[in-house]
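In: please work out how this folds:
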Amino acid sequence: MISYKWQRGFLLKVLYPLFMFIGAFVKKKKEALQGLVIRLNNKLVVKERPRTRRLLVLLPHCLQVDECKIRLTHNIYNCERCGKCEIKDLINIADRNKLELFVATGGNLARRIVSEVNPEAVVAVACENDLSSGIADTYPLPVFGIPNERPFGPCLNTRVDLKKVEEAIELLSNGAS
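Out: Below you'll find the model as predicted:
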């Protein structure tokens, strides 16, 4: 039996670059292919059963409402918890589960946070483009990706399904001591 980790490696290091090559020529299919990679990766991560308490929750800055005067990229706990965006709820979820929570402005900062925090697994929220490339770049680290919702277009007042975040945390930490 081929290990799930090896299958994830094949998906992320062989199929993902192939899909992105195809996506370069068929632009309308690129995001769908990225979404497919994220879904397949998530299934394999769940089957790996990482079960850890050293879990990082990584969020995009665009979850923060654009009219907010406080930038949260340096310290998410500077949030005033006004309720205009989901950051307050995500802080509560992280606190309740005793998890590290960070906001990144892009892929480079996200990779640096992962490197500095050195988690055993990650729950990441972002657009399909940033998620799929981040998941591939951090392999073999198990990363469960949750695409954000973009009712106002990319990178502006995005949203995330809080239930999906809680479910991902539960899947990756259930039974961890």
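In: from here on, just use CA atoms for contacts and neighbour counts.
Out: Will do.
In: doesn't Leu101 belong to a strand?
Out: Yes - assessed by DSSP: H, G, I helix; E, B strand; the rest coil, Leu101 belongs to a strand.
In: specify the beta-bridge partners of it.
Out: Beta-bridge pairing of Leu101 under DSSP bridges involves Val57.
In: quick one: contacts for it?
Out: Neighbouring residues of Leu101 by CA atoms under 8 Å, 6 or more residues apart in numbering: 56-59, 76, 91, 94.
In: and if you look at Cys127?
Out: Neighbouring residues of Cys127 by CA under 8 Å, 6+ apart: 147-149, 154.
In: centroid-nearest residue for the chain?
Out: Among the residues of the chain, the one closest to the centroid is Ala124, at 1.4 Å (CA atoms, centre = their mean).
In: distance between stretch 87-102 and the chain's centre?
Out: Relative to its chain's centre, stretch 87-102 lies at 14 Å (CA atoms, centre = their mean, to the nearest Å).
In: quick check: the residue nearest to the centre of the chain is in a strand.
Out: Yes - assignment of Ala124 by three-state DSSP places it within a strand.
In: coming back round to it: farthest pair in the contacts of Leu101?
Out: Leu56 and Ile76 (13.4 Å; CA to CA).
In: can you list residues touching both of the two?
Out: By CA under 8 Å, 6+ apart, the residues touching both Leu56 and Ile76 are 101-102.
In: dump the residue contacts of the residue nearest to Asn78 when sequence neighbours are not counted.
Out: Of all residues not flanking Asn78 in the chain, Leu72 sits nearest, at 6.4 Å (CA to CA, 6 or more residues apart in numbering). By CA under 8 Å, 6+ apart, the contact list for Leu72 reads 61, 78-79, 103.
In: ok, Leu63 next?
Out: Going by CA under 8 Å, 6+ apart, the list of residues near Leu63 reads 85-87, 156-160.
In: related to what we said a few turns ago, now, the contacts of Cys127 that are in strands?
Out: Mapping these onto strands (DSSP state E) picks out Pro147.
In: thought Val122 was touching Val143?
Out: Yes - between Val122 and Val143 a contact is recorded at 4.6 Å, counting by CA atoms under 8 Å.
In: which parts of the protein are helices?
Out: With DSSP state H, the ranges of helices along the chain come out as 4-10, 16-25, 27-48, 87-97, 107-117, 128-137, 162-173.
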